[in-house]
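Participant: build the 3D model from these lines:
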Amino acid sequence: MRFFPRFVTSAASAAAALTVAACSIPSPLVAQTVPVVLEVDLANKVQYHEDVAFDPTRFATNSGPTTVTRPLNFGKFVSVADIVAVNGQPVKGLALYNTRVVTLRASPVNPGEGIADLDRNGVIDQMFEFLNTDGVPIGTILASGLSAGAAPPGSPLQVVQGNLAIYGGTGAFFGARGSVGQGPTTTADRVASMIEDPGNRRKNGGGSVRIIITFIPQTQPAVVMTASGPAIVHSADFTPVTSAKPAAAGEILSMVVTGLGPTHPGVNPGQAFPATGLATVSSPIDVTVNGVHAEVVGAAGYPGTLGAYQVNFRVPPGAGSGAAAVQLTAAWIPSGAVTIPLQ
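Facilitator: Purely as a prediction, here's the structure:
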């Protein structure tokens, strides 16, 4: 990946300037945050019930599918599933739940059901750890709350049950807050005993479900703005994209952005990206031009800078001409749109 000519940042002040080619770029302000919705598809989801708690030497010893004898109430189980897609984009990852069954009903029907003012099935902690398709960590979202029953107030309409609050995150989701609920189920969870070997989970099969995560990120990506417009240049000669020299379909443009999160290799918090070597952005990066998806050629921390990144993308055919809206997402978190001229 070829970078802009050297530009300089000062970490001492939020008023430090970025100089790119002949442009002086003021330090960007953090964009206003808006809720982000992640449709997280899980597969091979299995509930491992603690039905042999008094003989832990039997845990994870049976290679085949198992059955389970569950108590009327107050049982415990751990759920394990693969994250296979987010918002329709293939990814990798792990969903891990820790659940204590507390079956509560406003009008109990079955033996062992507790009475309460509402219906719930238990207390649950959920952990979602996301990897890109190369296995590079993106980040983790952590939530805790109540299973089954009504969806969180104000949640997306596709949430059908569960009421959990996000209490934090790591990586690209550092400092996230929001809610988690369950969406449509394609295949019900497989219920197993803890004597079953979880190394055979995928072979033995499991359920498929969509989880809906609604969160407010601590930061959002943003295109750096200059006095003359967004910091987007022609990659061939690093001259600014202007009405006098508009972008063309098929050409590669480079832009300076902030808020793309961790890189690999990483850097210590508060430290600049290394002056040599490529610190590639860990999160999935998507760029659209007038709503048409562009090929992202590269995305990396800008060498020697603190919190600045360069993204190279190819202007897609069919994006039209005239004023064109450019928007990017990092870890499915969108930036605000900026406008460039297209010929």
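Participant: which elements pack onto whichever strand or helix holds Gln182?
Facilitator: In the assignment (DSSP states H and E), Gln182 maps to strand 177-187. Here strand 177-187 touches strand 137-147, strand 161-171, strand 207-216, going by 3 or more C-beta pairs under 8 Å, 6 or more residues apart in numbering; DSSP states H and E. All C-beta spots, glycine's among them, are computed from the backbone N, C-alpha and C.
Participant: which residues touch the closest residue to Leu104 other than its chain neighbours?
Facilitator: Nearest residue to Leu104, sequence neighbours excluded (C-beta to C-beta, 6 or more residues apart in numbering): Ala116, at 3.9 Å. Contacts for Ala116 (C-beta atoms under 8 Å, 6 or more residues apart in numbering) come out as Leu104, Arg105, Ala106.
Participant: nearest to Gln271, of the helices and strands packed on strand 177-187?
Facilitator: For those, the distance to Gln271 is smallest for strand 161-171, at 16.6 Å, taking C-beta to C-beta.
Participant: and the angle for the closest one with strand 207-216?
Facilitator: Angle, strand 161-171 to strand 207-216, by axes from the mean of the first three to the mean of the last three C-alpha atoms, to 10 degrees: 70 degrees.
Participant: just the CA atoms of the helix or strand immediately after the strand holding Gln182 in the chain, as CSV, please.
Facilitator: Once the chain leaves strand 177-187, the next helix or strand it forms, by DSSP H and E, is strand 190-193. Provided in CSV are the C-alpha atoms of strand 190-193 (Å, rounded to 0.1, in the frame of the first residue of the first chain):
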residue,chain,number,x,y,z
ARG,A,190,-29.5,-28.6,20.3
VAL,A,191,-29.7,-29.5,23.9
ALA,A,192,-26.9,-31.8,25.3
SER,A,193,-25.3,-33.0,28.5
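Participant: strands paired with strand 190-193, and their directions?
Facilitator: strand 36-49 (parallel) (DSSP bridges).
Participant: burial of the closest residue to Gly114 other than its chain neighbours, as a residue count?
Facilitator: Nearest residue to Gly114 in three dimensions, chain neighbours excluded: Leu104, at 4.5 Å (C-beta to C-beta, 6+ apart). Using other C-beta atoms under 10 Å, Leu104 has 19 other residues around it.
Participant: SS state for Leu104?
Facilitator: Classification of Leu104 using DSSP: H, G, I helix; E, B strand; the rest coil returns strand.
Participant: got a list of what it touches?
Facilitator: Counted by C-beta under 8 Å, 6+ apart, Leu104 has contacts Glu113, Gly114, Ile115, Ala116, Leu118, Asp119, Arg120, Asn121.
Participant: and the two most separated of these?
Facilitator: Longest span within the contacts of Leu104, C-beta to C-beta: Ile115 and Asn121, 14.2 Å.
Participant: these two: which is more packed in?
Facilitator: Neighbours per residue (other C-beta under 10 Å) separate Ile115 from Asn121, with Asn121 holding more: 18 against 9.
Participant: what does the helix or strand containing the more buried one rub up against?
Facilitator: Assigned by DSSP H and E, Asn121 falls within strand 120-131. By C-beta under 8 Å, 6+ apart, the residues outside strand 120-131 that reach it are 40, 83, 86, 91-104, 137-149, 162, 164, 171-172, 180, 211, 213, 331.
Participant: state the mean pLDDT of the strand holding Gln182.
Facilitator: For strand 177-187, mean pLDDT is 96.
Participant: re earlier: any idea how far the residue nearest to Gly114 is from Glu113?
Facilitator: Going from Leu104 to Glu113 by C-beta to C-beta, to the nearest Å gives 7 Å.
Participant: for Arg2, same thing?
Facilitator: With distances taken as C-beta to C-beta, Arg2 is found 65 Å from Glu113.
Participant: got it, and Thr219?
Facilitator: 45 Å.
Participant: cool, and Tyr302?
Facilitator: According to C-beta to C-beta, Tyr302 stands 59 Å off from Glu113.
Participant: likewise Gly277?
Facilitator: Noted for Gly277: a distance of 60 Å to Glu113, by C-beta to C-beta.
Participant: look at these two and report which has more neighbours.
Facilitator: Comparing Gly277 with Glu113 by neighbour count (other C-beta under 10 Å), the higher total belongs to Glu113, at 16 against 11.
Participant: quick check: phi and psi on the more buried one?
Facilitator: Torsion angles at Glu113 (phi, psi; degrees, to the nearest 10) stand at phi -70, psi 140.
Participant: cool, Pro56 as well?
Facilitator: phi -60, psi -10.
Participant: do Arg202 as well
Facilitator: Residue torsions, per degrees, to the nearest 10, at Arg202 are phi -70, psi -40.
Participant: quick one, domains of the chain?
Facilitator: Here the domain parsing of the chain from automatic domain parsing is 17-31+220-342, 36-216.
Participant: how far away from the center of its chain is the shortest one?
Facilitator: A distance of 19 Å separates the centroid of the chain from that of domain 17-31+220-342, by C-alpha atoms, centre = their mean, to the nearest Å.
Participant: so Pro341 makes contact with His234?
Facilitator: No: under the criterion of C-beta atoms under 8 Å, Pro341 is not in contact with His234, lying 11.9 Å apart.
Participant: surely Gly298 is in a strand?
Facilitator: Yes: using three-state DSSP, the assignment for Gly298 is a strand.
Participant: so what pLDDT did it get?
Facilitator: Gly298 is given a pLDDT of 96.
Participant: all set, thanks.
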